[in-house]
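Peer 1: here is a sequence with its predicted model. Questions after.
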Amino acid sequence: MAALRSGSLLLALAVAAAPAARAAGEVPPPPTLTRPAAAAPDDVPLPPPPRLAVPATPARPAAAGTPWLGLSLDAGAPEGLTLALAWRPVPALRAFAGPAWNAAALGVHGGLALVPWHWAASPALTAEGGRFFDGDISRYVNDGVPDGVKPLLKKVGYAWAAAHLGVELGSQRGLAFSVRGGVAWVRAQASGTAVTGDPGGTQVTYRDPRVTAFIPSVKLGLQYFF
């Protein structure tokens, strides 16, 4: 019995001493170093391309437009002296209207002007018309008029329409001088009654007489657009 217990004790000591002997006699393996995986060639980021400095293109100045509002001052026959406000809806067309004066009475006038080309000397076609109210013209046409007709000259008015072809010298964006010529239709009417007679005893009575005629027309003018 004692021998059996001694053998069991020796066996237990041998089993217990085996790990310690292995630990004392063996060298632990070196630590394993892990290296990061090399990036694939396709994964390497490329540097951004260099930026080329492009000089800024200076902005071109906007072309000056044609002014659309202006004033005109004209003198002619049978139009008299006229002042007008001019309006240009498109560069080639101009409309105008305003007061007029013929040294005997006031009136009104208006018209259209076609100026298709804007040159230093621009051709112009004009159509216009107006009316002068009744005025006293006896001081201008008194000579050679029979005495019986003179009362009719105290109250004379006329309407007119004219077509002109001319040229405008200067700038269509500023000041220009114009010369025009053409033909005018005039209808004059005197208000009142007059009686004339001849040596033979024949009498002629005039009551609100009216005269219609076509006459030459010439016109000079200045215009300024702003």
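Peer 2: Arrived safely.
Peer 1: for residue 141, grab phi and psi.
Peer 2: Here is the backbone geometry of residue 141 (degrees, to the nearest 10): phi -130, psi 30.
Peer 1: how about the spatially most central residue of the chain, what does it touch?
Peer 2: Taking CA atoms, centre = their mean, the centroid of the chain lies closest to residue 65, which sits 5.7 Å from it. Not one residue lies near residue 65 by CB atoms under 8 Å, 6 or more residues apart in numbering. Every C-beta, even on glycine, is put in place using the N, C-alpha and C of the backbone.
Peer 1: can you check residue 75 too?
Peer 2: Counting by CB under 8 Å, 6+ apart, residue 75 touches 81-82, 219-221.
Peer 1: ranking by neighbours, what's the top pick from these?
Peer 2: Using other CB atoms under 10 Å as the neighbour criterion, residue 82 leads the contacts of residue 75 with 26 neighbours.
Peer 1: before we move on, what SS does that residue have?
Peer 2: Residue 82 falls in the strand class when you classify it by DSSP: H, G, I helix; E, B strand; the rest coil.
Peer 1: that one pairs with what?
Peer 2: Beta-bridge partners recorded for residue 82 (DSSP bridges): residue 74, residue 100.
Peer 1: next one: the one 4 residues further on
Peer 2: On the basis of DSSP bridges, residue 86 is bridged to residue 70, residue 96.
Peer 1: next up, the contacts around it.
Peer 2: Contacts of residue 86 (CB under 8 Å, 6+ apart): 69-72, 94-96, 223, 225.
Peer 1: which of the residues you listed count as buried?
Peer 2: 70, 72, 94, 96, 223, 225 (16 or more other CB atoms under 10 Å).
Peer 1: residue 143: which of those is nearest?
Peer 2: Closest to residue 143 out of the buried ones among the contacts of residue 86 is residue 72 (34.2 Å), distances taken as CB to CB.
Peer 1: leaving out chain neighbours, which residue sits closest to that closest one?
Peer 2: Using CB to CB, 6 or more residues apart in numbering and skipping residues adjacent in sequence, the residue nearest residue 72 is residue 223, 4.1 Å away.
Peer 1: again with residue 162
Peer 2: residue 184 (3.8 Å).
Peer 1: confirm the one you found sits in a strand?
Peer 2: Yes. Under three-state DSSP, residue 184 falls within a strand.
Peer 1: run through the bridge partners of it.
Peer 2: Under the criterion used (DSSP bridges), residue 184 bridges to residue 162, residue 215.
Peer 1: right, and it touches residue 215 too?
Peer 2: Yes. Assessed by CB atoms under 8 Å, residue 184 is found in contact with residue 215 at 5.6 Å.
Peer 1: shared neighbours, these two?
Peer 2: Common neighbours of residue 184 and residue 215 (CB under 8 Å, 6+ apart) are 77-78.
Peer 1: quick one, which of these two is more surrounded?
Peer 2: residue 184 (22 against 12).
Peer 1: now the more buried one: how far from residue 222?
Peer 2: Distance, residue 184 to residue 222, using CB to CB, to the nearest Å: 21 Å.
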